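Trainee: predicted model follows, preceded by the sequence.
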Amino acid sequence: MDLLKDRIEKDGKVISDQVISVDSFINHMVDPVLMMEIGTEFARRFAAGKVTKVLTVEASGIAVGLTTAMALKVPLLFAKKKKPSTLDHNYYLSNIYSFTKQESVDVYVAKKYLTDNDRVLIVDDFLARGEALKGMTGLVKQAGAVLVGIGIVIEKVFQGGGQALRESGIPIESLVKIHSLEGGKLHLGE
Ligand code: G4P
Ligand code: NA
Ligand code: NA
């Protein structure tokens, strides 16, 4: 996706050998026109999947989740990082460990919003080691829903999460791949 690639080259800020900031158009301030293009592209790539629901994790996944759900004309469901007091025991829970933050967080989805009738497309802004995605695929599994695939805005290939998930047979589409950030230099792929 050239539009996204060009924007990352123009406005992305390499923070370290591991991390890139895209705060000015994805992660903090959000470019809605770019997000619509991204959502439309995911909808096109997963058009044959008969998706009934888009799933992501709050907070940064919501923008891309909403435009993807809009394009597919299905609901967006986002896993919550704090257990809502209204959920009682009627929720699925997954634990996600973040290497970046060196802490783990439980994420919750109400059982009534994810069932074995669903065909789920998971989306997220980043794929690094894949921990967030493992947590979300766990929620889909608990619900007995079908996982149609995963859509990622920016995959950091060098952190290996994508390879592990692809080896498990899950269809993954990432719109931009980063092959390296070494020495403060951005190396983009397809
Ligand atoms: P993983 O889920 O793929 O294993 O990645 P990791 O634990 O390293 O990522 C933890 C958080 O940091 C996630 O956000 C993830 O989206 C984000 N992240 C990972 N790599 C980068 C990066 O290079 N740049 C930026 N800007 N973010 C990155 P989160 O914990 O879900 O937080 P939130 O942003 O949704 O609040
Ligand atoms: Na995220
Ligand atoms: Na994030």
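Mentor: Great, that's in hand. Ligands and ions are numbered 1, 2, ... in the order given.
Trainee: quick one: the strands in this protein?
Mentor: 13-14, 20-21, 53-57, 76-79, 91-98, 103-110, 119-127, 146-156, 172-180, 187-188 (DSSP state E).
Trainee: in JSON lines, list those strands along with mean pLDDT and distance to Gly65.
Mentor: C-beta: built from backbone N, CA, C; applies to glycine. Listed next are the strands of the chain as JSON lines, based on pLDDT from 0 to 100; distance: least, Cβ to Cβ, whole Å:
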{"stretch": "strand 13-14", "mean pLDDT": "98", "distance to Gly65": "24"}
{"stretch": "strand 20-21", "mean pLDDT": "98", "distance to Gly65": "21"}
{"stretch": "strand 53-57", "mean pLDDT": "98", "distance to Gly65": "4"}
{"stretch": "strand 76-79", "mean pLDDT": "98", "distance to Gly65": "5"}
{"stretch": "strand 91-98", "mean pLDDT": "95", "distance to Gly65": "16"}
{"stretch": "strand 103-110", "mean pLDDT": "96", "distance to Gly65": "13"}
{"stretch": "strand 119-127", "mean pLDDT": "98", "distance to Gly65": "5"}
{"stretch": "strand 146-156", "mean pLDDT": "98", "distance to Gly65": "9"}
{"stretch": "strand 172-180", "mean pLDDT": "98", "distance to Gly65": "14"}
{"stretch": "strand 187-188", "mean pLDDT": "96", "distance to Gly65": "24"}
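Trainee: return the most buried member of the ones you listed.
Mentor: strand 53-57 (a mean of 27; mean count of other Cβ atoms under 10 Å).
Trainee: now the angle from that one to strand 91-98?
Mentor: 50 degrees (axes from the mean of the first three to the mean of the last three Cα atoms, to 10 degrees).
Trainee: what strands line up against strand 53-57, and which way round?
Mentor: The strands beside strand 53-57 in its sheet (DSSP bridges) come out as strand 76-79 (parallel), strand 119-127 (parallel).
Trainee: centroid-nearest residue for this structure?
Mentor: Centroid-nearest residue in the chain: Asp124, 1.2 Å away (criterion: Cα atoms, centre = their mean).
Trainee: can you name the residues bridging to it?
Mentor: Beta-bridge partners, per DSSP bridges, of Asp124: Ile152.
Trainee: could I get the strands paired with strand 53-57 in a markdown table, plus columns for distance to Gly189?
Mentor: Formatted as a markdown table, the strands paired with strand 53-57 follow (distance: least, Cβ to Cβ, whole Å):
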| stretch | distance to Gly189 |
| --- | --- |
| strand 76-79 | 28 |
| strand 119-127 | 13 |
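Trainee: nearest to Glu155, of the ones you listed?
Mentor: In terms of Cβ to Cβ, the element of the strands paired with strand 53-57 nearest to Glu155 is strand 119-127, at 4.4 Å.
Trainee: for the closest one, list the C-alpha coordinates in PDB.
Mentor: Taking C-alpha atoms only, strand 119-127 is exported to PDB below (Å, rounded to 0.1, in the frame of the first residue of the first chain):
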ATOM      1  CA  ARG A 119     -16.500 -15.500  11.500                       C
ATOM      2  CA  VAL A 120     -13.800 -13.100  12.800                       C
ATOM      3  CA  LEU A 121     -11.300 -10.800  11.200                       C
ATOM      4  CA  ILE A 122      -8.700  -9.600  13.800                       C
ATOM      5  CA  VAL A 123      -6.900  -6.300  13.000                       C
ATOM      6  CA  ASP A 124      -4.200  -4.400  14.900                       C
ATOM      7  CA  ASP A 125      -1.900  -1.400  14.200                       C
ATOM      8  CA  PHE A 126       1.400  -3.300  14.900                       C
ATOM      9  CA  LEU A 127       2.700  -6.800  14.800                       C
END
